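Student: Return a 3D structure for these sequence lines:
(2 chains)
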Protein chains: 2
Amino acid sequence: MNEFDYIDKYFKPLTNEFAGNLKNDAAIFNQNSSLDLIISTDTLAEGVHFFGDEDPVDIAKKSLRVNLSDMAAMGAKPIFYNLSLSIPKDKAQQFIPKFAKGLQDDQKIFDIKLIGGDLTSSIKHINITITIFGNTSRGKSIPRDGAQIGDWLYVSGILGLSKIGLDNINSSLREFKEAKNKYLLPIPRIELGVSLKNIANSMIDISDGLIQDSTHLARNSKLSVELNLSKIPVPNLNKIDKKQILNSALYGGDDYELLFSCDPVHEKFLKKLSSKINLKLTKIGVFKELKKDFLYFKNNLTKPKESYLHF
Amino acid sequence: MNEFDYIDKYFKPLTNEFAGNLKNDAAIFNQNSSLDLIISTDTLAEGVHFFGDEDPVDIAKKSLRVNLSDMAAMGAKPIFYNLSLSIPKDKAQQFIPKFAKGLQDDQKIFDIKLIGGDLTSSIKHINITITIFGNTSRGKSIPRDGAQIGDWLYVSGILGLSKIGLDNINSSLREFKEAKNKYLLPIPRIELGVSLKNIANSMIDISDGLIQDSTHLARNSKLSVELNLSKIPVPNLNKIDKKQILNSALYGGDDYELLFSCDPVHEKFLKKLSSKINLKLTKIGVFKELKKDFLYFKNNLTKPKESYLHF
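Tutor: Got it, this is the predicted structure:
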């Protein structure tokens, strides 16, 4: 099979009307000007973001989900995506059918379709780049730089599971099943993101770890954030000591929970929302006037460490 | 430097207002609904689309230009682009500043800016994915499937130069200078593309070679195209025999000239346009009712060969 055969057989069935059956050089999209189009890109490189020996179904889902999470972080409703896949010739035949199956499964779950992209060979490693598109009412997306003095910092779900799953990816212990699943198949918090439209002043999804992403909100908002370590929602696991669990929550990436700031007046709304969408929302800090550091720990003399950096 | 430093220093200066200083998880764009947004993606993988030892300035320009060419092929005006760069850690420091310089130079020439993207490390090879955006009046982009029976097939410029440039990339002969330049720095035919808005019935840019791309137009339009080999515009080069030059024109990729079909009634308009924009436009074939093959040669019993395929 050549690239056109792969595209026809595996990718064309994933497209919507904007793709025009992938017949053209480009997709064509028209949007009502009362909406903003939200555009974001995340790349997954083999050996960096994934090992390469995972099930291609899961690699596809994770690629899509980390991008969906960026839409959630903007408070945007995902509408479609664009895919570029570079893959060594000798892996294509095994990989592409399963990869397309993974996309198809998640397209149904998240009500999203493919509009186009590129399929090329590569020399040695797989590279997956997805550009995702979503929309919000005009001017209603949630930025990273809008935190206000006195805003509470909230986080969704449980933190650290993904890093623990990664550290124990080859363990067959039942205790690590949830963690491994969270690492392989994170859940983009789309419903939460959209629901925070008129509530959150700033928001980000946790891809680089709580410390780094909280610092992003604080730095961009030109404030300091005081983090209450005792409030961080962490998993209950017997095989790992508490300090290591907390470290995973603070510095481990890939959790894809939403981290947002809002006025304390919304506390009741958030309690109701939490129970409605069945997702824990925890107040873990507060924004204050900018001091020496963008982020510090409440009642604690330890300083945050550095998180994962690509270079 | 970590990825945030690279982004701040080299990529933020390339952005426009939709990028919001790259502070958010996504770009935010609002478009008048009288326009269509045209979206296309092209990836360049090291070792496949480029050697890796070229000047990063040129690699950047080529990455952008092949994408600009896709906008030209739709008859769209390019407006901005999104970039994902995956690069091994040990190459980043040398590569990124020059790569950003190449983007900056071409951004000025083509009046286009960056809106966002992703910067990640990779294990061994560089991978560059650009998603480009353009616009047309609503419903006015030029498809691949619109050729009509009796349409003439036109091509811009000279064909085969890029393949000859690639084959002689290490030659220092003056005769190959233009060809090497065409391979390294193709010229997207944007002005031509936009000018064909109410003229061309179908259009594509030649990235895979004249034969393959003519076949795309014919197959998508469910017609046959009869190609007149004696009319193909080829370069005058003394060091290469005529047959090899014609082969480069037919099967060599990377020319990024526009190939389009239109009613013969537009012949005069095209002559004027050609002289106005100082670009050769040559009639090289005609569309006919679908016969056995999508493409055949006029007065010639040879059959077209296969063009470059990724898999």
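Student: So for the one helix or strand in chain A whose mean pLDDT sits lowest, what gets flagged as buried?
Tutor: Least confident helix or strand of chain A, by mean pLDDT, DSSP states H and E, is helix A:3-6 with a mean of 91. Using 16 or more other C-beta atoms under 10 Å in any protein chain shown as the test for burial, helix A:3-6 gives A:3, A:4, A:6. Placement of C-beta: from N, CA and C, glycine included.
Student: Going by distance to chain B, which of the residues you listed wins?
Tutor: Among the buried residues of helix A:3-6, residue A:3 lies closest to chain B (C-beta to the nearest C-beta), at 4.4 Å.
Student: wait, that closest one sits on residue B:48?
Tutor: No. Residue A:3 lies out of contact with residue B:48 (C-beta atoms under 8 Å); the separation is 11.7 Å.
Student: For residue A:262, list the residues it contacts.
Tutor: Going by C-beta atoms under 8 Å, 6 or more residues apart in numbering or on different chains, residue A:262 touches A:151, A:152, A:154, A:196, A:199, A:200, A:201, A:270.
Student: Chain B contacts on the stretch 151-300 of chain A?
Tutor: A:204, A:205, A:220 (C-beta under 8 Å from any C-beta of the partner chain).
Student: quick check, nearest of those to chain B?
Tutor: residue A:220 (5.0 Å).
Student: Is the closest one in contact with residue A:201, as I believe?
Tutor: No. If you go by C-beta under 8 Å, residue A:220 and residue A:201 don't touch, sitting 11.4 Å apart.
Student: Identify the contacts common to these two.
Tutor: Contacts common to residue A:220 and residue A:201, judged by C-beta under 8 Å, 6+ apart, are residue A:147.
Student: hmm, back to that, which of the buried residues of helix A:3-6 sits closest to residue B:87?
Tutor: residue A:3 (24.1 Å; C-beta to C-beta).
Student: ok, that closest one to residue B:203 distance?
Tutor: 21 Å (C-beta to C-beta, to the nearest Å).
Student: now do residue A:240
Tutor: Taken as C-beta to C-beta, the span from residue A:240 to residue B:203 is 60 Å.
Student: Who has more neighbours out of those two?
Tutor: The neighbour count for residue A:240 versus residue B:203, taken as other C-beta atoms under 10 Å in any protein chain shown, is higher for residue B:203 (29 against 18).
Student: tell me the mean pLDDT over stretch A:168-179?
Tutor: For stretch A:168-179, mean pLDDT rounds to 94.
Student: now that stretch, how far from the chain's geometric center?
Tutor: Here the centre of stretch A:168-179 is set off from its chain's centre by 22 Å, with C-alpha atoms, centre = their mean, to the nearest Å.
Student: In PDB, please show the C-alpha coordinates belonging to it.
Tutor: Below are the C-alpha coordinates for stretch A:168-179, written out as PDB (Å, rounded to 0.1, in the frame of the first residue of the first chain):
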ATOM      1  CA  ASN A 168       5.300   1.100  37.100                       C
ATOM      2  CA  ILE A 169       4.200   0.500  33.500                       C
ATOM      3  CA  ASN A 170       5.700  -3.100  33.500                       C
ATOM      4  CA  SER A 171       4.200  -4.000  36.900                       C
ATOM      5  CA  SER A 172       1.300  -6.400  36.900                       C
ATOM      6  CA  LEU A 173       0.200  -5.500  40.400                       C
ATOM      7  CA  ARG A 174      -3.500  -4.700  40.600                       C
ATOM      8  CA  GLU A 175      -2.700  -1.600  42.600                       C
ATOM      9  CA  PHE A 176      -1.100   0.100  39.700                       C
ATOM     10  CA  LYS A 177      -3.900  -0.600  37.200                       C
ATOM     11  CA  GLU A 178      -5.600   2.800  37.600                       C
ATOM     12  CA  ALA A 179      -2.300   4.600  37.500                       C
END
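Student: how about it: buried residues?
Tutor: Applying 16+ other C-beta under 10 Å to stretch A:168-179 flags A:168, A:176, A:179 as buried.
Student: ok, the closest residue to residue A:296 other than its chain neighbours to chain B distance?
Tutor: Once flanking residues are discounted, residue A:296 sits nearest to residue A:226: 6.0 Å by C-beta to C-beta, 6 or more residues apart in numbering or on different chains. In this view, residue A:226 and chain B are 22 Å apart by C-beta to the nearest C-beta, to the nearest Å.
Student: that's a strand at residue A:226, yeah?
Tutor: Yes. Assessed with DSSP: H, G, I helix; E, B strand; the rest coil, residue A:226 lies in a strand.
Student: shouldn't it be in contact with residue A:286?
Tutor: Yes. Assessed by C-beta under 8 Å, residue A:226 is found in contact with residue A:286 at 5.4 Å.
Student: Let me see the mean pLDDT of the longest helix along chain A.
Tutor: Criterion DSSP state H: the longest helix present in chain A is helix A:89-110. Averaged over helix A:89-110, pLDDT sits at 98.
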